[in-house]
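Visitor: Test case, fold it:
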Amino acid sequence: MAWQRPTLAELIDRISSDFTSRLALSGAVLRRSTIHVFSRVVAGAAHMLHAHLEFLSRQIFPDQSEAEYLERQATLFGLTRRGATFAAGDVEVTGANGVVIPAGAELQRADGTRYETDADATVVDGSATLAVTAVVAGENGNADAGVSLTFVSPVSGVGATAAVATGAIIDGVDEEDDDSLRGRLLERMRMPPHGGAEHDYIAWAKEIAGVTRVWVFPLEMGAGTVTVRFVLDDDANSIFPDGAKVQEVYDHIEAERPVTAEVYVEAPTPAPLDFQIRVEPATAAVQEAVEAELRDMLRREAEPGGTILISHIREAISIAAGEYDHTLVSPAADVEHGTGEMAEFGSITWV
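Guide: The predicted structure follows:
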């Protein structure tokens with residue numbers, strides 16, 4: 001039988017009953033009697049001890065433990081919380097030819113987020129491209145192309161503002177949260193290392209910041225090969241990794257893999273999935289709910305080389321809040337993908 005923590009009222013009653021029975025007293029305990037006061041004082045202390053025991057009971061098992069204890073349990077299995085990474089990218093400025101913008105010059109976004117230039121840059125033909133890195137690590141440092149930045153300390157001969165270049169400022173990732181660390185720890189406990197089993201490659205890839213889902217394809221490139229594909233679900237720009245992130249994951253797996261395996265690490269090839277839908281009622285709120293459900297379905301079910309079932313598409317539309325009826329015009333059948341291709345949300349045409 002599971003242990004049930006007694007309430008404060010139950011503890012008061014128990015202690016009061018113990019006093020009266022051991023002192024052979026009869027009748028009700030008076031409110032201002034010594035027994036009543038002692039019972040409440042002792043019960044209060046016991047209640048706090050029970051609370052501490054209840055807290056400790058949750059820390060014993062990693063599926064319930066809190067951050068400090070979760071991290072300690074993870075270290076027993078060689079796992080550590082993935083740290084935050086710094087967003088980086090290019091910004092463009094205008095100015096007088098020959099002016100040098102020094103390394104370490106600070107720029108800031110309208111919300112106060114700051115960036116530093118990585119190296120000296122010289123204005124040529126009236127403009128210069130500056131490589132910048134966020135001062136504080138985390139997802140908040142990411143910025144879309146075209147976002148305006150302002151020099152904290154003006155640079156003589158250079159415009160006061162800069163614009164984020166086409167490639168955007170990317171790759172800023174927050175520190176791994178408890179749920180993600182907990183998930184990796186439970187996977188490690190349930191599936192111990194087997195010297196290069198499929199789940200080993202998944203675990204190795206997930207040790208890199210930002211990696212959320214991983215797929216392993218043995219022998220895809222021939223005998224003795226292992227192909228690993230992964231995505232970054234929490235990346236605000238795209239879940240599909242760029243070359244730098246692919247190389248980072250590859251380098252990490254190379255250091256861990258069995259010596260006999262030839263490893264290929266690739267980003268899935270995006271395959272935009274467009275929809276044509278007639279929905280009732282055709283309100284903006286219902287349409288937004290349908291889009292949210294479709295995006296969520298793709299996050300759950302899309303995988304490289306996988307199939308998106310039309311029945312699941314229809315189900316996602318049906319469970320959208322406010323939807324009464326709908327007709328799915330397109331796609332008209334299950335959507336299959338080739339090797340390495342992975343469905344991503346494209347667009348919805350409301351008909």
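
Visitor: give the contact list for residue 335.
Guide: 273, 307-308, 310, 343 (C-beta atoms under 8 Å, 6 or more residues apart in numbering). Heads up, the C-betas are built off the backbone N, CA and C, glycines and all.

Visitor: Show me which pair in those is furthest apart.
Guide: Spanning the widest gap among those are 310 and 343, at 12.4 Å by C-beta to C-beta.

Visitor: Just the residues contacting stretch 140-158, thanks.
Guide: Stretch 140-158 has contacts (C-beta under 8 Å, 6+ apart) with 86-87, 89, 91, 93-96, 99, 101-102, 105-110, 113-115, 123, 128, 132, 134-135, 160-172, 236-237.

Visitor: can you give me the end-to-end distance of it?
Guide: Taking C-alpha to C-alpha, to the nearest Å, stretch 140-158 runs 27 Å from one end to the other.

Visitor: circling back to that earlier point, switch the contacts of residue 335 over to JSON lines; also include pLDDT.
Guide: Converted to JSON lines, the contacts of residue 335 look like this (pLDDT from 0 to 100):
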{"residue": "273", "pLDDT": "98"}
{"residue": "307", "pLDDT": "98"}
{"residue": "308", "pLDDT": "98"}
{"residue": "310", "pLDDT": "97"}
{"residue": "343", "pLDDT": "97"}
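
Visitor: buried set for stretch 39-56?
Guide: 39, 42-43, 46-47, 50 (16 or more other C-beta atoms under 10 Å).

Visitor: Out of these, which one has the lowest pLDDT?
Guide: Among the buried residues of stretch 39-56, residue 39 carries the weakest pLDDT, at 91.

Visitor: can I assume that one sits in a strand?
Guide: No. Under DSSP: H, G, I helix; E, B strand; the rest coil, residue 39 falls outside any strand and is assigned helix.

Visitor: Could you pull up the residues touching it?
Guide: 12, 15-16, 19, 29.

Visitor: coming back round to it: who's more crowded, residue 310 and residue 343?
Guide: residue 343 (22 against 14; other C-beta atoms under 10 Å).

Visitor: what's across from residue 231 in the sheet?
Guide: Under the criterion DSSP bridges, residue 231 forms beta bridges with residue 213.

Visitor: Pretty sure it sits against residue 266.
Guide: No. Counting by C-beta atoms under 8 Å, residue 266 is not a contact partner of residue 231; they are 11.3 Å apart.

Visitor: more crowded one of these two?
Guide: residue 231 (25 against 18).

Visitor: And the more buried one, what's its pLDDT?
Guide: 97.

Visitor: which ones are touching it?
Guide: 211-213, 239-241, 267-268, 342.

Visitor: for these, which one is nearest residue 67?
Guide: Residue 67 has its nearest neighbour among the contacts of residue 231 in residue 212, at 19.6 Å by C-beta to C-beta.

Visitor: Distance of that closest one relative to residue 218?
Guide: As judged by C-beta to C-beta, to the nearest Å, residue 212 and residue 218 stand 22 Å apart.

Visitor: in the chain, which strand has the most residues?
Guide: Criterion DSSP state E: the longest strand present in the chain is strand 269-280.

Visitor: Quick one: neighbours of residue 147, just the number.
Guide: Residue 147 sits with 16 neighbouring residues when counted by other C-beta under 10 Å.

Visitor: Next one, pLDDT for it please.
Guide: Looking at residue 147, its pLDDT reads 95.

Visitor: ditto for the one 5 residues further on
Guide: We note a pLDDT of 95 for residue 152 in this prediction.
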